[in-house]
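A.B. asks: No sequence on hand, only this structure:
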């Protein structure tokens, strides 16, 4: 048996698979976010441990024999979080999360240093880890002085599981300290934030062994014998492993809290000015590109709270057949935006409202706004040298056939819906645990799921969608001032 642990923003998911990659079962532990000030987003790492213990307890209650047979564990986690550890191994302050924008000024200052884009292949975004440490140095110098290690969220879980300070390439590529092409820490960039390699965990590939489960935890979980903990992956790379998006030409669109358009690459293709992320993949000698929007299902959930209807009810009011855009345009910049704007300060808006703009029209505009933000990501990926001929849809928003038809029509590519199953980050993490424990061929393990249905672009509406996308594109420069 093999265990995948996915540390998300809203919870920890534990998923068990057997050697044939059949899902045995899963369990969850919930998490909350603390927002003590405008633009802040934090979590107490102790809560990650508690949520993981809750999820493991759920598995043990349902599948004690299967849990006792675990030989490998893979880790997936929310990226970019700054988890600061002192020389005694204690946490110095709450972890600053990926969607925290307080360090926008520090990010701009680091990004103005040409070495960062040159070495990492990426813009220094406010959500990345390096500017958060610069903010801590500027605003909490007494804490910065005590920092002995900087860990990403899933790697703090690894510290608890194994006692080891280890990270891997895909997650570390989102720190602004990794030489992404060479797959190693950059001492030059660390020095630019008054740190050095002693402050960093050691690095392995996501498929490599990265510690062994501590005996006291193994005993508590009813496991005997050695349990290998894999390097693992950042959440999007782990999802890609779960979806089999590991070879050149494979891509997926994720409609989760945030939205992602992810393409696997056989080579390193940076183009930072496009605001596309060029990161290491979890498999050795592979990379990936992705465009990221900060509010996908989050935008629909926000509108749901105002409309007084659930997200599924709002979506179902639209029916199954795609309709032409109404002229109402929604910009989904509720938390700022990454690709392609790199703008932490921009905020969302509706435009084109009239007396006829009812709840249904606004729901349609919200879905289209997220669709057009993903189209922006496609255009950015194209400019960075990546071509996409079809995508597989994952995430909670992919349950809306209407939304997928909107995406297919705007992107001009078919959208595949995978057959029933769990192919997300926890499954990808479990696959990495299997590979690390058995030495199996990563490409042979990380296969694509069967396609249940394909949503084709609606050719009759392509012209109307192009006109609506042009209106959407004009909105950002109009509202930015």
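C.D. replies: Everything's here; your move. All values derive from a computational prediction rather than experimental measurement.

A.B. asks: okay, CA-based contacts and neighbour counts for the rest of this
C.D. replies: Will do.

A.B. asks: what's near enough to touch residue 242?
C.D. replies: Applying C-alpha atoms under 8 Å, 6 or more residues apart in numbering, we find residue 242 in contact with 423-429, 431, 446, 448.

A.B. asks: Just the mean pLDDT for the biggest helix by length in the chain, thanks.
C.D. replies: Secondary structure assigned by DSSP state H gives helix 359-383 as the longest helix of the chain. Averaging pLDDT along helix 359-383 yields 97.

A.B. asks: residues in contact with that helix?
C.D. replies: Against helix 359-383 from outside (C-alpha under 8 Å, 6+ apart): 259-261, 274-276, 289-293, 295-296, 299-300, 303, 307, 314-315, 317-318, 325-326, 328-332, 339-340, 387, 403, 406-407, 410-411, 469, 472.

A.B. asks: Among those, which ones are in strands?
C.D. replies: The members of those that map onto strands under DSSP state E are 259-261, 289-293, 329-331.

A.B. asks: now the residues you listed in JSON lines, with neighbour count, distance to residue 355 and pLDDT?
C.D. replies: Shown next, in JSON lines, are the ones in strands among the contacts of helix 359-383 (neighbours: other C-alpha atoms under 10 Å; distance: C-alpha to C-alpha, whole Å; pLDDT from 0 to 100):
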{"residue": "259", "neighbour count": "24", "distance to residue 355": "31", "pLDDT": "94"}
{"residue": "260", "neighbour count": "24", "distance to residue 355": "34", "pLDDT": "93"}
{"residue": "261", "neighbour count": "26", "distance to residue 355": "35", "pLDDT": "96"}
{"residue": "289", "neighbour count": "25", "distance to residue 355": "42", "pLDDT": "94"}
{"residue": "290", "neighbour count": "26", "distance to residue 355": "39", "pLDDT": "93"}
{"residue": "291", "neighbour count": "27", "distance to residue 355": "36", "pLDDT": "94"}
{"residue": "292", "neighbour count": "24", "distance to residue 355": "34", "pLDDT": "92"}
{"residue": "293", "neighbour count": "27", "distance to residue 355": "30", "pLDDT": "95"}
{"residue": "329", "neighbour count": "26", "distance to residue 355": "15", "pLDDT": "98"}
{"residue": "330", "neighbour count": "24", "distance to residue 355": "17", "pLDDT": "98"}
{"residue": "331", "neighbour count": "25", "distance to residue 355": "20", "pLDDT": "98"}
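
A.B. asks: Show me which pair in those is furthest apart.
C.D. replies: Pairwise distances across the ones in strands among the contacts of helix 359-383 peak at 27.9 Å for 289 and 329 (criterion: C-alpha to C-alpha).

A.B. asks: returning to that earlier point: relative to residue 178, which of the ones in strands among the contacts of helix 359-383 is nearest.
C.D. replies: Closest to residue 178, out of all of these and judged by C-alpha to C-alpha, is residue 289, at 15.4 Å.

A.B. asks: Spatially nearest residue to the closest one, not counting backbone neighbours?
C.D. replies: Spatial nearest neighbour of residue 289, chain neighbours left out: residue 278 (4.6 Å); criterion: C-alpha to C-alpha, 6 or more residues apart in numbering.

A.B. asks: list the helices and strands the helix or strand harbouring residue 12 packs on?
C.D. replies: With elements taken from DSSP states H and E, the one containing residue 12 is strand 11-17. If you count contacts as 3 or more C-alpha pairs under 8 Å, 6 or more residues apart in numbering; DSSP states H and E, strand 11-17 packs onto strand 2-7, strand 23-30, helix 45-62, helix 425-438.

A.B. asks: mind running it again at 10 Å?
C.D. replies: Under the contact criterion of 3 or more C-alpha pairs under 10 Å, 6 or more residues apart in numbering; DSSP states H and E, strand 11-17 touches strand 2-7, strand 23-30, helix 45-62, helix 64-68, strand 72-77, helix 425-438.

A.B. asks: Who are the contact partners of the nearest residue to residue 54 once chain neighbours are set aside?
C.D. replies: Distances taken as C-alpha to C-alpha, 6+ apart place residue 29 nearest to residue 54, at 5.2 Å, with adjacent residues excluded. When contacts are counted by C-alpha atoms under 10 Å, 6 or more residues apart in numbering, residue 29 touches 7, 10-14, 47-58.

A.B. asks: Could I get the pLDDT score of residue 29?
C.D. replies: Value for residue 29, per-residue pLDDT: 97.

A.B. asks: Look up how far residue 25 lies from residue 422.
C.D. replies: 10 Å (C-alpha to C-alpha, to the nearest Å).

A.B. asks: From residue 430, how far out is residue 246?
C.D. replies: For residue 246, the distance to residue 430 - C-alpha to C-alpha - is 15 Å.

A.B. asks: When the two are compared, which one has more neighbours?
C.D. replies: Legend: neighbour count by other C-alpha atoms under 10 Å for residue 246 and residue 430, higher for residue 430 (34 against 27).

A.B. asks: got a list of what the closest residue to the more buried one other than its chain neighbours touches?
C.D. replies: Nearest non-adjacent residue to residue 430, counting by C-alpha to C-alpha, 6+ apart: residue 4, 3.8 Å away. Contacts for residue 4 (C-alpha under 10 Å, 6+ apart) come out as 13-17, 26, 72-76, 229-230, 232, 238, 425-434.

A.B. asks: residues in contact with residue 285?
C.D. replies: 181-183, 205, 265-268.

A.B. asks: top of the contacts of residue 242 by neighbour count?
C.D. replies: residue 429 (38 neighbours).

A.B. asks: That residue touches residue 283, doesn't it?
C.D. replies: No - using C-alpha atoms under 10 Å, residue 429 is not in contact with residue 283, being 11.9 Å away.

A.B. asks: Give me the common contacts of those two.
C.D. replies: 206-207, 232-233, 237, 241.

A.B. asks: nearest residue to residue 99 other than its sequence neighbours?
C.D. replies: Residue 99 sits nearest to residue 127 (C-alpha to C-alpha, 6+ apart), 5.7 Å away.

A.B. asks: Just give the number of residues close to the one you found.
C.D. replies: 26.

A.B. asks: That one touches residue 105, doesn't it?
C.D. replies: No - shown here, residue 127 and residue 105 do not form a contact pair, counting by C-alpha under 10 Å, at 11.5 Å.

A.B. asks: residue ranges with poor pLDDT in the stretch 51-200 of the chain?
C.D. replies: Under the criterion pLDDT under 70, no range of the stretch 51-200 of the chain is flagged.

A.B. asks: now with 90?
C.D. replies: 99, 101 (pLDDT under 90).

A.B. asks: And the strands in it, which stretches?
C.D. replies: 72-77, 83-85, 95-96, 149-151, 166-168, 178-179, 184-185 (DSSP state E, counting those that start in this stretch).

A.B. asks: got the contact list for the second one?
C.D. replies: To tie it back to what came earlier, the one meant is strand 83-85. Contacts for strand 83-85 (C-alpha under 10 Å, 6+ apart): 43-45, 90-97, 129, 133, 143-144, 146-156, 199.

A.B. asks: Let's see which of the residues you listed end up in helices.
C.D. replies: Checking the contacts of strand 83-85 against DSSP H, those in helices are 45, 129, 133, 143-144, 153-156.
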